[in-house]
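A.B. asks: curious how this folds, go ahead:
(chains A and B)
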Amino acid sequence: MNGMSAYLTIFISTVFVNNFILSRFLGLCPFIGVSKQIKPALSMGIAVTFVTTMAALITWPIYNFILIPYGLEYLRTIVFILVIASFVQFVEIVIQKKTPSLYKAFGIYLALITTNCAVLGVTVLNTDTFFVSGAAVAGSFIKSVVQGFGAGAGFTLAMILMAGIRERLEFADVPGCFKDIPITFIVASLMSLAFLGFSGFKI
Amino acid sequence: MRLFREFIKGLWRENPTFRMMLGLCPTLAVSTSVSNGLGMGIAATFVLTGSSLMVSLVRKVIPDKVRIPCFIVIIATFVTITDLFIKAFTPALGRSLGIYIPLIVVNCIVLGRAEAFASKRGPFESMIDAIGMGIGFTLALMLISAIREAAGSGSIAGIYFSKSFEAPLFMVLAPGALLTIGVLIGFMNYIFIKKKER
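C.D. replies: Reported below is the predicted structural model:
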């Protein structure tokens, strides 16, 4: 498999089959914390998608052109988390100066994203899957970026679905001790069960 | 006595998993079997203790504005040590924990303890707090993984208890993890509500 179809396969499998939240449990904190209403959930989703895509875009050259030639692969975790943290900080400052209205909508979400495991997760996953024994596989750069974007898209999808359900859950009669967080996990479990159906896909 | 209280609070009253809901991603992802849960718990406890000690030692040197990046570098160093150690000595565990070992860096428990406790207290106290939290996390992980392993593959710590038991596979897959933690947190809430009423 090569070219477009390979990229499409990666995209579909990261969005549906290996959905970042529902099958890999990456980015659970915002998924539980920010999914009470659709609008903030969508904002969070867009912010995460932007950061995961950019993180994949930035960390690939660093890994391929700096860490591998100098034999420093073991520094991956430290380097990646620093790059992500400074990138997020940088974006936050730029948005705050250039477009204050956008900052009002996305600002607080951006600050939360640094410690979102989905972002570090996707970069680590990229180096695990698209580098075989220390060398980049064919089309590895674009594949990494596609996986980064797919991760964000899958995250957004799950966030919106969850927010839609939780808006109605407000009016449901849930037993006292299961209110709020426990029932959200149980709903997420049912959603995840539904997403399990996608793993039967033959792409 | 006070130190003992710092130690014990991580086990139940401020349990990181069930009471504070911190570090849920690795909890759910690796709790497919008791041995995985134990491995992850020990790895996280080591990182937590080491980074709490370091953070507490350098807390007066680090300027307030750049403390979070500094904490993250300290944590990432301990995570890298753990990662290399596990890969070298227990490769099988390394394979089954996979990307969740590097992800201890963004585990909110570790940064949370560094920020809320170790950056304000002395090294010894911080270590006691970290060990307590780490053990609380490990116990929670083992409880969840024991339930999932027993229900999902009909065994506990690799020992099968019945041949005729047909295990529902979904318990070791993603939905089972979410269901287990949801029910457990609900149950804990129930206990705490009952306690308060009394």
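
A.B. asks: what's the closest non-adjacent residue to the residue of chain A found nearest chain B?
C.D. replies: Proximity of chain A to chain B (C-beta to the nearest C-beta) peaks at A:F185, 3.0 Å away. All C-beta spots, glycine's among them, are computed from the backbone N, C-alpha and C. Excluding the flanking residues, the one nearest A:F185 by C-beta to C-beta, 6 or more residues apart in numbering or on different chains is B:G182, at 3.0 Å.

A.B. asks: and the helix or strand hosting that neighbour, how far from the chain's centre?
C.D. replies: Element membership for B:G182, per DSSP states H and E: helix B:174-197. In terms of C-alpha atoms, centre = their mean, to the nearest Å, the gap separating the centre of helix B:174-197 from the centre of its chain is 17 Å.

A.B. asks: mind listing residues that contact it?
C.D. replies: For helix B:174-197, the external contacting residues (C-beta atoms under 8 Å, 6 or more residues apart in numbering or on different chains) are A:22-25, A:175-178, A:181-186, A:188-190, A:192-193, A:195-196, B:17-19, B:21, B:24, B:27-29, B:31-32, B:143-144, B:147-148, B:151-152, B:168, B:170-171.

A.B. asks: which strands or helices does the helix or strand of chain A with the lowest mean pLDDT pack on?
C.D. replies: Ranking every helix and strand in chain A by mean pLDDT, DSSP states H and E puts helix A:100-113 at the bottom, with a mean of 75. Helix A:100-113 sits against helix A:38-61, helix A:76-98, with contacts defined as 3 or more C-beta pairs under 8 Å, 6 or more residues apart in numbering or on different chains; DSSP states H and E.

A.B. asks: pick the most buried one from those helices.
C.D. replies: Of the helices and strands packed on helix A:100-113, the one with the most neighbours on average (mean count of other C-beta atoms under 10 Å in any protein chain shown) is helix A:38-61, at a mean of 21.

A.B. asks: whether it contacts chain B - can you check?
C.D. replies: No - judged by C-beta under 8 Å from any C-beta of the partner chain, helix A:38-61 makes no contact with chain B; its nearest approach is 12.3 Å.

A.B. asks: and the helix or strand where A:V145 lies, which residues are buried?
C.D. replies: In this assignment (DSSP H and E), A:V145 forms part of helix A:140-169. Residues of helix A:140-169 classed as buried: A:140, A:143-163, A:165-166, A:169 (neighbour count, 16 or more other C-beta atoms under 10 Å in any protein chain shown).

A.B. asks: just give me how far the least confident helix or strand of chain A sits from the chain centre.
C.D. replies: Put simply, helix A:100-113 sits 17 Å off its chain's centre (C-alpha atoms, centre = their mean).

A.B. asks: per-residue pLDDT of A:M1, please?
C.D. replies: Per-residue pLDDT puts A:M1 at 53.

A.B. asks: give me the neighbour count for A:N19.
C.D. replies: The number of residues packed near A:N19 is 25, by other C-beta atoms under 10 Å in any protein chain shown.

A.B. asks: ditto for the one 4 residues further on
C.D. replies: For A:S23, the tally of surrounding residues (other C-beta under 10 Å) stands at 22.

A.B. asks: which residue comes closest to it once chain neighbours are left out?
C.D. replies: In space, A:S23 is closest to B:A174, 4.6 Å off (C-beta to C-beta, 6+ apart).

A.B. asks: to what extent is the one you found buried, counted in neighbours?
C.D. replies: Neighbour count of B:A174, defined by other C-beta under 10 Å: 26.

A.B. asks: quick one: low-confidence parts of chain A?
C.D. replies: A:1-2, A:107-108, A:202-203 (pLDDT under 70).

A.B. asks: now do the residue in chain B that chain A sits nearest to, the pLDDT please.
C.D. replies: Closest approach between chain B and chain A, counting by C-beta to the nearest C-beta: B:G182, at 3.0 Å. As predicted, B:G182 sits at a pLDDT of 91.

A.B. asks: that one: how many residues sit nearby?
C.D. replies: Neighbour count for B:G182, taken as other C-beta under 10 Å: 20.

A.B. asks: likewise for the one 3 residues further on?
C.D. replies: B:I185 has 23 neighbouring residues, counting by other C-beta under 10 Å.

A.B. asks: and the residue nearest to A:F185, how far from A:V174?
C.D. replies: Look at B:G182 and A:V174: by C-beta to C-beta, to the nearest Å, they are 12 Å apart.

A.B. asks: and for A:E167?
C.D. replies: Look at A:E167 and A:V174: by C-beta to C-beta, they are 14 Å apart.

A.B. asks: and for B:A146?
C.D. replies: 27 Å.

A.B. asks: again, but for B:S126
C.D. replies: Distance of B:S126 to A:V174, given as C-beta to C-beta: 39 Å.

A.B. asks: picking up where we left off before, chain center to the next helix or strand after the least confident helix or strand of chain A: distance?
C.D. replies: As assigned by DSSP H and E, the chain's next helix or strand after helix A:100-113 is helix A:117-129. Centroid separation between helix A:117-129 and its chain, computed with C-alpha atoms, centre = their mean, is 9 Å.

A.B. asks: nearest spatial neighbour of A:Y63, skipping sequence neighbours?
C.D. replies: In space, and not counting its chain neighbours, A:Y63 is closest to A:T127: 5.4 Å by C-beta to C-beta, 6+ apart.

A.B. asks: check contacts around the residue lying closest to A:I95 once chain neighbours are set aside.
C.D. replies: Ranked by C-beta to C-beta, 6+ apart and with sequence neighbours excluded, the top spatial neighbour of A:I95 is A:Y103, at 4.8 Å. Residues near A:Y103 by C-beta under 8 Å, 6+ apart: A:92, A:95-96.
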